[in-house]
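*Asks:* Compute the structure for the input listed below.
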Amino acid sequence: MRHGKAKGNAAKDPLTEEGIQQAKQLASFLNTKIVDKEIQLITSPFYRAFQTAEEIGITMNLGIKNEVLLVERNLGDITGLSDEERLKRIEEQFEHTEMSFPGGESNLDVTLRIKKFLDQPYLNDGSVKIIVSHRITLSLLLQEFGQKSAYETFLTMTNPDVYHIETMPDGSIQIEHIWGVQT
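*Replies:* The predicted structure follows:
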């Protein structure tokens, strides 16, 4: 899931008041969706994601695992770029995953981070995972599971947003966008 609405994109930026309310709504939503199952709550340590996870943890009585591999892509130096130019360059970077802004990560770097996360032994214990992260990171994670292009997901992902990923008995992966349906 993507965190609630935040005051900015820096690691220490908190949720807005609206974002805090969204996190509480997410917590209630998940509390009705996930019943009688063992759950792990895993979050990016960036404050806006942690605050979202914290509300979920309080409502569902869950501990929180911080996972640095889930942080948002470091865009690097985007000084002087208009929003339009920045988005155009980000689109190009989804097409050419090795490209990056000066001093920043590429989407390939983030994808490699995601693969390292997915290889973590604690993910294979059979429990349900609630993962709280960020727009680009989640778009690339969903693509790893077979979701449409990461760029399409990036364009349509909202604050907050929730996707359900399930491994079916035949080994196939099913991805369902479940937050937009409920709000």
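*Asks:* which regions of the protein sit below the pLDDT cut-off?
*Replies:* Low-confidence segments of the chain, defined by pLDDT under 70: 181-183.
*Asks:* What ranges does it have for its strands?
*Replies:* Ranges of strands within the chain are 39-43, 64-66, 128-132, 163-167, 173-177, based on DSSP state E.
*Asks:* which stretch among the ones you listed comes nearest residue 18?
*Replies:* strand 128-132 (16.9 Å; C-beta to C-beta). Yep, even glycine has a C-beta here, placed from its N, CA and C like the rest.
*Asks:* List the buried residues of that closest one.
*Replies:* Applying a neighbour-count criterion of 16 or more other C-beta atoms under 10 Å, one finds 130-132 buried in strand 128-132.
*Asks:* now do stretch 4-14
*Replies:* For stretch 4-14, the neighbour count (16+ other C-beta under 10 Å) marks 4-6 as buried.
*Asks:* Could you export it as CSV, CA atoms only?
*Replies:* Extracted C-alpha coordinates of stretch 4-14, given in CSV (Å, rounded to 0.1, in the frame of the first residue of the first chain):
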residue,chain,number,x,y,z
GLY,A,4,-1.4,8.6,3.2
LYS,A,5,-1.1,12.2,1.9
ALA,A,6,2.1,13.8,3.1
LYS,A,7,3.5,17.3,3.5
GLY,A,8,6.4,16.5,1.2
ASN,A,9,8.7,13.8,-0.2
ALA,A,10,11.7,14.1,2.1
ALA,A,11,12.4,11.2,4.4
LYS,A,12,11.3,13.1,7.5
ASP,A,13,8.2,14.7,6.1
PRO,A,14,5.1,13.7,8.1
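*Asks:* List of residues touching the longest helix seen in the chain?
*Replies:* When the chain is parsed with DSSP state H, its longest helix is helix 17-33. By C-beta atoms under 8 Å, 6 or more residues apart in numbering, the residues outside helix 17-33 that reach it are 1, 3-6, 15, 48, 51-52, 54-56, 58-60, 130, 159-160, 162, 178-179, 182-183.
*Asks:* Just the ones in helices from those, please.
*Replies:* Using DSSP H, these in helices are 48, 51-52, 54-56, 58-60, 179, 182.
*Asks:* hang on, residue 11 packs against residue 46?
*Replies:* Yes. Taking C-beta atoms under 8 Å as the definition, residue 11 is a contact partner of residue 46 at 4.8 Å.
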